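[1] need a structure here:
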Amino acid sequence: MGNSPGCCHADEEHPDNEVMKHEGWKSLREKKRGCTDCCCLIPLIASWIGLTFIGLIVCGAIYDPDMVSGTPKRLNHATDYLGNICGKSKKTSDLPMGYYLPNTAAICIDECPTVTDYTQFYCQYNLTSEANSNPATGYLYVSQQKCMYQIATKKFLNRCIPDISAGTLSELASVTAAQYGYNVSASDIEYSISYGENAGWFTFFLSNLYNLKGHIFGFGMGVTVGAAFFYLTIMRIPYMLLVTMWTTILLIFCVLIIGSMLLWQLANTWSEDDLHTHKQILVMRVFSYAGIIVSGLYFCMMIVLRKRINLACGVIKEAARAMESMPTILVVPLIQAIGMCLFLAPWLTYLIFLAASGDMVTKERVVEYNGVSFTSTYEIYEYSSQTKYVFLYMLFTWFWTSEFILAFGQLVIALSFAGWYFTRNKSILETDTVRWAFQEVGLFHLGTAAYGSLIIAVIKTIRAVILYLQKKAKKSKNKVAEYVMCILGCFVWCLEKIMKFINKHAYIITAIYGYSFCRATRKGFFLLLRNILRVAAVNMVSGFVMFLWKFSLPLFVTFLCYLSVAYHTTSSQVSDIVAPLVVTWFISYWVSAMFIDILSMGIETILFCFIADEEMFPPEERFAEGELTEMIHATAKLHAESKGRTYDPTTGTSTGNYESVEQADAQAHDRDSGAGHVEIVTAQPTDGNKI
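    Numbers count the residues shown, from 1 in each chain. Predicted coordinates:
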């Protein structure tokens, strides 16, 4: 087309902005390929070797004087003021329970007391007998934060938790202390368990994961794999698409409503068991309110988008037809899930050992009583700077490996669908197409998967560092730094989404043409720009449906996990149910994304194959079938009509809403001349834009 007002044009001189050319093959499987980006596999393998070496150190298999090996038992047991693990260290092997002093330090005892007695005390080990023989002496030590009066408690994570409010108990204890001549503030002698806000959140987060590991991985991986496999099996049946789609939409709405009501009920239960803090109960209530609000917004959105959803089902039908020709493609996410488990098992083991490591540090707390200062000392574990860097390295290896597994699956899926598309007689399509795709990617394109995943991993690691700095800025009450980190975080998040979008299309170009990552990125970028509106139209309608499926499966699985945890005896052994459920949701989302990515990647691949088909072949030699052409034109027509334009399927253009007669004449002249000029259309609604 010629120049038209209001439009900007791509760099026509750029070598990668040429139309796609046919390379002489009659079927894509005949194409000769070469290895791409092999050098990127070396640092990926090196990162795995480094992770294994660090893991052996923190597990104690290799000695390193600069890093202390971890003790996972410390996550599930209290550590006393001398650094002994209750019930596990030699000195405290017969004292498994942790009882806390006012300074948040713990002492190890044999059993948690079940009755309250303000004249009996639990103290630092050399003071207990003296305190119990004379309550006046006992309260002296309590005021010095070396002893704690006896209160009724329950066993929780091998720690003694008060049966009733610690504040109420301290007020009664303050009255008793006054009877023995000690006027102390209730806040200075409050039972202060380090399990609360004074403890490391990460330690107790991992403790909850440890206690619910069966539920988290059983539902997050096992149930998700089964549900997703069943889901995609149904998707292969074309006439089931509409039924399944609207059933999914209805189930999401029901899960949101019922889940919100159950969260409210659980919050009420927690408010009566005296085992959970007011903050934890408030979090549950907030989640229940948020669920109700989201349910209402979700219902309104479904009413507005109902036509586009029906159209998206038609676009997905072609991808489902390809899946029906290649049923073994469902094996791809299963292999990804197996690979994920093989990596996650040692990685989580190393992480738990690393979280349970640290250096013993002596802390002091100064208190005043009757004008006299007393210093109480206790020992706790703290992470060194080196350990924090190891945490960051492990996070990076997780990001890179998980993204590599996803990229590998995307390449295999793209190559499978591309092989299906560029086959003349699809009714006799060979059943080993997926096996061929695995072979080609494994032999030639693993480096490309490593390259693309490395970029995403670096961006995600930067985001993690920014979030850490933002948290520190918030803790230091530095508002300027906090806002700056927030802005940077938003920018990096947008960059991550853009790169994922670019990577996906680069993998498709690699699948079709066998290009390296960088060249495929450039070629895919210009191919996308030459067909920007058509790609946008299909992506809008199909992308929303894919999002619904990716959202619904994890939501359903997390809901089942919630029912299993909340109404099971293990619920009394966790301090917070929200965090484990969030982890379950993320694992389930990751697994379900691998399955749903089959359809999503298939739709993108078929669309790009269709566009490349148009550029490489004349109409009579193209691989596209009539039904596919009609569906893409229908999608483009709806998109054009939503912009107030008229779509012409014979020319692939949309017209309307011109600012002047001259613009309309220019558009008509360009369309009739059929110039091969590459045009990239901006969002201005006054031009005739090429679809």
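
[2] hey, which helix or strand in this protein has the poorest pLDDT?
    strand 689-690 (a mean of 36; mean pLDDT, DSSP states H and E).

[3] and residue 129, how far is that from residue 97?
    Using Cβ to Cβ, to the nearest Å, residue 129 is found at 19 Å from residue 97. (C-beta placed from N, C-alpha, C; glycine too.)

[4] Counting neighbours, go ahead and name the busier of these two.
    Each of residue 129 and residue 97 had its neighbours counted (other Cβ atoms under 10 Å), and the higher figure belongs to residue 97 (23 against 10).

[5] who's in contact with the more buried one?
    Residue 97 sits next to 78, 86, 87, 108, 109, 110, 111, 112, 155, 158, 159, 160 when contact means Cβ atoms under 8 Å, 6 or more residues apart in numbering.

[6] mind putting these in a markdown table, distance to residue 462 and neighbour count included?
    Formatted as a markdown table, the contacts of residue 97 follow (distance: Cβ to Cβ, whole Å; neighbours: other Cβ atoms under 10 Å):
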| residue | distance to residue 462 | neighbour count |
| --- | --- | --- |
| 78 | 37 | 28 |
| 86 | 40 | 26 |
| 87 | 42 | 19 |
| 108 | 43 | 28 |
| 109 | 47 | 19 |
| 110 | 50 | 11 |
| 111 | 50 | 12 |
| 112 | 46 | 20 |
| 155 | 43 | 15 |
| 158 | 39 | 19 |
| 159 | 38 | 22 |
| 160 | 43 | 27 |
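
[7] Quick check: strands, which of these are part of them?
    Residues of these located in strands (DSSP state E): 108, 109, 155, 159, 160.

[8] Just give me the closest of the contacts of residue 97 to residue 224.
    Using Cβ to Cβ, residue 158 is the member of the contacts of residue 97 that lies nearest residue 224, at 31.8 Å.

[9] Now the closest one, what are its backbone angles?
    Note on residue 158: backbone dihedrals following degrees, to the nearest 10 are phi 60, psi 30.

[10] mind listing the helices for the stretch 401-550 of the chain?
    For the stretch 401-550 of the chain, the helices defined by DSSP state H, counting those that start in this stretch occupy 433-440, 446-475, 479-513, 517-530, 532-566.

[11] which element follows the last one toward the C-terminus?
    So that's helix 532-566. helix 578-616 (DSSP states H and E).

[12] Check whether residue 102 really touches residue 148, as I assumed.
    Yes. Contact criterion Cβ atoms under 8 Å: residue 102 and residue 148 qualify, at 6.5 Å.

[13] And these two? Which one has more around it.
    Between residue 102 and residue 148, residue 148 has the larger neighbour count (other Cβ under 10 Å), namely 28 against 25.

[14] The closest residue to residue 465 other than its chain neighbours sits in which helix or strand?
    Nearest residue to residue 465, sequence neighbours excluded (Cβ to Cβ, 6 or more residues apart in numbering): residue 392, at 7.3 Å. Taking DSSP H and E as the definition, residue 392 sits inside helix 385-421.

[15] Quick check: buried residues in that helix?
    Across helix 385-421, burial judged by 16 or more other Cβ atoms under 10 Å covers 387, 390-391, 394-421.

[16] which other helices and strands contact it?
    Helix 385-421 sits against helix 41-58, helix 306-325, helix 331-355, helix 433-440, helix 446-475, helix 479-513, helix 578-616, with contacts defined as 3 or more Cβ pairs under 8 Å, 6 or more residues apart in numbering; DSSP states H and E.
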